[in-house]
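Engineer: Build the 3D model from these lines:
(chains A, B, C and D)
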There are 2 protein chains.
Amino acid sequence: MTLDAVARRAGVSLATASRALNGTTRVREDLRSRVRAAADQLGYIPNAHAQALASASSNTVGLICHDVGDPYFAAIAAGVMRAAAAKDLLVMLASTFREPAREIAYVSTLRAQRARAILLIGSGFQDRSWERALAAELDPYVRAGGRVAVVSRHRSLRADAVLPENHGGAAALARALLDLGHREFAVLSGPPSLTTVADRLAGFQEELARGGVELPPERIVRGPFTREGGYAAARTLLARGNRPTCVFAVTDVMAVGALAAFREQGVRVPEDISLAGFDDIPLVRELSPPLTTVALPLTAMGEEVMALALREPRGPRSRVLRVGGEVVLRASVAPPPTPPAAPVTVPGGGAQQLSASPLNAGGTDRYLGAPER
Amino acid sequence: MTLDAVARRAGVSLATASRALNGTTRVREDLRSRVRAAADQLGYIPNAHAQALASASSNTVGLICHDVGDPYFAAIAAGVMRAAAAKDLLVMLASTFREPAREIAYVSTLRAQRARAILLIGSGFQDRSWERALAAELDPYVRAGGRVAVVSRHRSLRADAVLPENHGGAAALARALLDLGHREFAVLSGPPSLTTVADRLAGFQEELARGGVELPPERIVRGPFTREGGYAAARTLLARGNRPTCVFAVTDVMAVGALAAFREQGVRVPEDISLAGFDDIPLVRELSPPLTTVALPLTAMGEEVMALALREPRGPRSRVLRVGGEVVLRASVAPPPTPPAAPVTVPGGGAQQLSASPLNAGGTDRYLGAPER
DNA sequence: ACCTTATCAGAAAGCGCTTTCTGAAAGCGT
DNA sequence: ACGCTTTCAGAAAGCGCTTTCTGATAAGGT
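Structural biologist: I've put the predicted structure just below:
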């Protein structure tokens, strides 16, 4: 069914039919309803490709993330979907499976689709050459009027951005853990190629240093950003001996894997080791034990990034929205099994008195404000 | 940059440029490379809309689900994405937020986009009029050559389908729980409008009846398919008094909510009440306690539904792939606190001896085969 | 009554491609 | 050397719309 058929049936011209259906110009009411009726009877469905071609615009946006199956991305995607639905936009979803090359290929595909906006969700890559290649692909798109907005990714991409307080959040977490009395830390870290990893690790490490605590290299174990990555990293850590009293997994998903590894090895959390994550993805509150983490408003971030992308007029410079970074203390952390001889006071926050382990077994979360910076 | 510009730069005709880039026909090698070079230099990106319009075909598929943020859908979507990436298809994602009207509107949108296939993920609605409206929208699409494939939805839609063993899985679960000695059950059920709910509830209830156990209506509490729905349903159940010894939540997500409600009310799982779910979404294995559930291969289901949609040639009749339904016993279920006076043997399976509560605290899952049917 | 201005329908020109159709050139058999 | 087929490039006709441009008609001003 083409618009031409509808027009003929309604006894009007093609142009009038188009105008009647789209409401771009005034059309006499009787003609409009005749066109509507004809379209209904014929079950007319416009051809979006023809529309896009003729009008040189589309109602689609592209969403590129590393893995929709990951709860972190799923939660953000949900926010994007909600915002898109409100604006009558169709979302084209791309999953890169964490391969930079795929990411660039998808940008190209979305450019071909003439997407109104391209949303990049998830950490950028440390490798500058990938980021440069990505920027090169994005640049002509932006110059041609395309909008780009990102979550958790900034280097070398000048685009509107929603940025989690990775550095500050990790620092606040470190301070909270120091305040509990921990001195022996380990970090289950993600791929060194991701900026998010670098930021969280740096924030954590710097705050430890400020508290006079060192994080030896052998206490930093790397692994992919998955449950299995966390599991393997935790196993590696345990195998190395010289156990820390507190482990920070740079994402909740990794923390979940670590929790499984600990359970399997008979290491009790938090009695033997305290464990903390980052992101506050759904469900970690219900873990065994509930996971201490740094909360990010994931769904809201999705809505925000869509809003940034759609913002008119285009600002001269890119807008950055910083979010989250709030520490949520739950039962997975407790004071270390053997407290240090002398409690050390770290700058900026006195030693806090917290309930005995397991912390907050009752189920109520304790929130710590994000650091001012 | 248009193809025309590329052709001119390469000193060939428009037609030759098109053929050189798409490889549809033999083109002399020197011309082909000249065209390629010109395209590269100009940073040519084809216009997918023009391509789709001219060739009357596109490389997109539509994926309609109730909520990408829900781990159940996210896991299936991940499978779809993987399969789509392998076939070089772009996925347009639609989230209905569980409103039937939205679902129909999205089908219409995807038709306008000339999607190669439309994938519907998630339960259908009991309300026949919605299903009829949906079928009416889908029908001309299929007649026009579109492909439709579904997960978990069948009534009145003749389409290829991946169907979870809702009925059989719930029955197998019921039997396992009966075998543990439970006689007092409750079900946290979803919206009565969803077929998935009806199937799981029926399977569970029928198997209970076969074991001589009745499920009184006041022990069936309805709520939305969300964590909050499960939470509220569990609260309602507890408020009614006359506590069961075992609760079946028709989805894992609801079970998670129930778990939170129980914890909050000081009801211990599994010591006071056993709890089981359905789906085996990621993370429920790590809950406190790990959740007994009926496992579904979610990601594989996503890959399968895509494969069904792409299958050539179109079979004369729709193909149905039944999956899952395997009971996974974890620590959230245990024998009832006060065992019945006389152990009752249910047909088809003797009373099983299972370890004392909490069951499988060690962390190893026990799998029960799906029933033969 | 006449000219100007506003309103709205129709004709037609694309949007950027694919693909059929046409024709030139080359290869081959006899 | 001739006509045959085969190979491959170019011309041109759309694909189904939107949108400018044009023109007809009605309304309003003097």
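Engineer: Would you list the phi and psi of the residue of the stretch 251-373 of chain A found nearest DNA strand D?
Structural biologist: Nearest to DNA strand D, among the residues of the stretch 251-373 of chain A, is A:Glu312, at 17.2 Å (Cβ to the nearest atom of the strand). The C-beta positions use only the backbone N, C-alpha and C, and glycine is treated the same way. When read as degrees, to the nearest 10, the backbone of A:Glu312 gives phi -120, psi 150.
Engineer: sec struct for the nearest residue to A:Arg114 once chain neighbours are set aside, please.
Structural biologist: Once flanking residues are discounted, A:Arg114 sits nearest to A:Ser58: 4.9 Å by Cβ to Cβ, 6 or more residues apart in numbering or on different chains. Following DSSP: H, G, I helix; E, B strand; the rest coil, A:Ser58 is assigned to coil.
Engineer: List the buried residues of the helix or strand harbouring A:Gly230.
Structural biologist: Element membership for A:Gly230, per DSSP states H and E: helix A:227-239. In terms of neighbour count (16 or more other Cβ atoms under 10 Å in any protein chain shown), helix A:227-239 has its buried residues at A:Arg227, A:Gly229, A:Gly230, A:Tyr231, A:Ala232, A:Ala233, A:Ala234, A:Arg235, A:Leu237, A:Leu238.
Engineer: Check stretch A:69-76 too.
Structural biologist: A:Gly69, A:Asp70, A:Pro71, A:Tyr72, A:Phe73, A:Ala74, A:Ala75, A:Ile76.
Engineer: Quick check, the residue nearest to A:Arg114 in contact with A:Ala48.
Structural biologist: Yes: assessed by Cβ atoms under 8 Å, A:Ser58 is found in contact with A:Ala48 at 7.4 Å.
Engineer: picking that back up, contacts for the helix holding A:Gly230?
Structural biologist: The contact list for helix A:227-239, computed with Cβ atoms under 8 Å, 6 or more residues apart in numbering or on different chains, reads A:186, A:188-190, A:219, A:221-223, A:243-244, A:247, A:249, A:251, A:253-258, A:260-262, A:265, A:267, B:282.
Engineer: Where strands are concerned, which of the residues you listed count?
Structural biologist: A:Ala186, A:Leu188, A:Ser189, A:Val221, A:Arg222, A:Val247, A:Ala249 (DSSP state E).
Engineer: For ChimeraX, write the select line for the buried members of those residues.
Structural biologist: This is the ChimeraX syntax for the buried subset of those, where burial follows 16+ other Cβ under 10 Å:
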select /A:186,188,189,221,222,247,249
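Engineer: returning to that earlier point: of the buried residues of stretch A:69-76, closest to B:Thr195?
Structural biologist: Lowest distance from B:Thr195 to the buried residues of stretch A:69-76 (Cβ to Cβ) belongs to A:Ala74, with 24.0 Å.
Engineer: if I pick that closest one, what's in contact with it?
Structural biologist: Residues in contact with A:Ala74 (Cβ under 8 Å, 6+ apart) are A:Val68, B:Val68, B:Gly69, B:Asp70, B:Pro71, B:Ala74, B:Ala77.
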